[in-house]
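Participant: Structure here, sequence nowhere to be found:
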RNA sequence: GCUCCCAUCGUCUAGCGGCCUAGGACACAGCCCUCUCAAGGCUGCGGCACGGGUUCAAAUCCCGUUGGGAGUGCCA
């Protein structure tokens, strides 16, 4: 089978977009890009009870965020599985007519009773030779042949399943609607999918799907099952108990490039002793056969570390632009000055791992009154030299050049007079002007804050200190 | 229970029979730098799950044990 490789990503719209899904999508996307193939997005929306239309847009937005662009020529879709229901049913009938499937009228309860009575779990093939006609309440089951099914997996190699352990699975429900395994395979066949790259949890489904492929298409796709992402307890990441929503990381200020790079280091590593690599390198170097076989812990600490790295690599302009979504709250809008932020930006970049940490680091510049941290104030003004030195500093900086360098010189001079080290001496000044004991470099901050406001805040603090 | 998958520092990984007294990154600790906090630099801590084979030689190959995980629906 020649032609362009066709990969696919087939999420079901049942909630926020999962980081594990993001990784699977990335694998498919990268593979499609490096082979000049196609990435097909198919929304598997056939579970009437769980899916919500709103999540579909969420999936598309999330994919776009990590660089999987719906307008890229390698991107195809989205398709909706529900739209293909007639094809699923037609395929099922074809299987029935050729004798590869049969109807069964047993209820779930009856199957359970029989299993309990025989001591063997699952469906026992009771209706295999009863030659039942289609009818309400009757499910269509696939007649699993004897023998073994060998799955050739790009990451795991050869995996063998004894067909005796595979029960005659359901194709069509009692109400005539198709089941996942059928719909999934029929869609992949009709969409000409050549490579199925998905999470390991689907491996047990694969022999069943492979039998369907053989019966319906006479060919089998290239399979690849990548390890799942797990939490600290080594359990598969779950929407219920773990922080898995891609949207949440985005909202906290994780850069998409950092997320993509981090996700790709889970189960795979670029050549050499480096982990921070650009996307072009990933596309060039990534190989399915090099993907690890074991599950990987999604480590938020390491993600944050990657993100800090990416933040530091941004130019000040890019950084300020990336911060845009976090720049609206916390201070009166009219007091915000982008150019002021830009001046202090390089100093902020080395101090945050998440963009959401930025506002609290620069708000003193845009607030009319920077709130004073009580504990910090108490500590900074707890010495007998605090007030006298701050007065002296105030006197010195009230005139003359206004720059970080001259400010530093002024404070150093006061330090020499009072025999107090700069490291200690800056504390009262910092708390007085920024309200906090930590922050960007003080003198650069004051340079940006301006003389008038600096003096005003020093006076306020002096009054407060009594 | 049954089927399948997996097993290198706490975590993510490099390693695909000799280059390994096992390399890198995150985390952690210490030192340096330093106006706070970071960033950066240096150092340290720490691992081939266990037992048998195969081989001149095994983290690397084979078998078993143990330990994890996934699946086991008329969900996807």
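Facilitator: Structure received. What you see is a predicted model, and the numbers here were worked out from it, not measured in a lab. Residues are numbered from 1 along each chain as shown, chains lettered A, B, ... in the order given.
Participant: surely residue A:56 meets residue A:44?
Facilitator: No - Residue A:56 is beyond contact range of residue A:44, at 10.6 Å (criterion: C-beta atoms under 8 Å). Where you see a C-beta, it was placed from the backbone N, CA and C, and this is true even at glycine.
Participant: Need the overlap of contacts for the two.
Facilitator: Counting by C-beta atoms under 8 Å, 6 or more residues apart in numbering, the common neighbours of residue A:56 and residue A:44 are residue A:13.
Participant: Contacts for the helix or strand of chain A at the bottom of the mean pLDDT ranking, please.
Facilitator: One helix or strand of chain A scores below all others by mean pLDDT, DSSP states H and E: helix A:108-118, with a mean of 89. Defining contact as C-beta under 8 Å, 6+ apart, one finds that helix A:108-118 is touched by A:106, A:121, A:122, A:123, A:124, A:126.
Participant: Run a quick neighbour tally on residue A:302.
Facilitator: Counted by other C-beta atoms under 10 Å, the residues lying close to residue A:302 total 14.
Participant: Now do it against RNA strand B, distance only.
Facilitator: Distance, residue A:302 to RNA strand B, by C-beta to the nearest atom of the strand, to the nearest Å: 4 Å.
Participant: and what of residue A:358?
Facilitator: 12 Å.
Participant: Tell me where the model's unsure across chain A.
Facilitator: Along chain A, the model assigns pLDDT under 70 to residues A:1-2, A:48-51.
Participant: Let's see if you can find the most crowded of the contacts of helix A:108-118.
Facilitator: residue A:123 (20 neighbours).
Participant: Might one say that that residue is in contact with residue A:141?
Facilitator: Yes - at 7.3 Å, residue A:123 counts as touching residue A:141 under the criterion of C-beta under 8 Å.
Participant: any common contacting residues for the two?
Facilitator: Common neighbours of residue A:123 and residue A:141 (C-beta under 8 Å, 6+ apart) are A:104, A:168, A:169.
Participant: Among those, which lie within strands?
Facilitator: Secondary structure assignment (DSSP state E) places residue A:104 from these within strands.
Participant: Of the shared contacts of residue A:123 and residue A:141, just the buried ones, ChimeraX syntax please.
Facilitator: Burial among those is assessed by 16 or more other C-beta atoms under 10 Å; the matching ChimeraX selection reads:
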select /A:104,168,169
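Participant: so which of the shared contacts of residue A:123 and residue A:141 are also by RNA strand B?
Facilitator: Among these, the residues within reach of RNA strand B (C-beta under 7 Å from any atom of the strand) are residue A:169.
Participant: Can you tell me which of the shared contacts of residue A:123 and residue A:141 is closest to residue A:159?
Facilitator: The closest of the shared contacts of residue A:123 and residue A:141 to residue A:159 turns out to be residue A:169 (C-beta to C-beta; 18.1 Å).
Participant: Give me the domain ranges for chain A.
Facilitator: Domain assignment of chain A by automatic domain parsing yields the ranges A:88-172, A:314-358, A:369-465.
Participant: so which of these is the most packed in?
Facilitator: Of these, the one with the most neighbours on average (mean count of other C-beta atoms under 10 Å) is domain A:369-465, at a mean of 17.
Participant: what's the first-to-last distance across that domain?
Facilitator: Domain A:369-465 stretches 16 Å from its first residue to its last (C-alpha to C-alpha, to the nearest Å).
Participant: from the chain's centre, how far out does that domain sit?
Facilitator: 43 Å (C-alpha atoms, centre = their mean, to the nearest Å).
Participant: Residue A:141: which element?
Facilitator: In the assignment (DSSP states H and E), residue A:141 maps to strand A:139-142.
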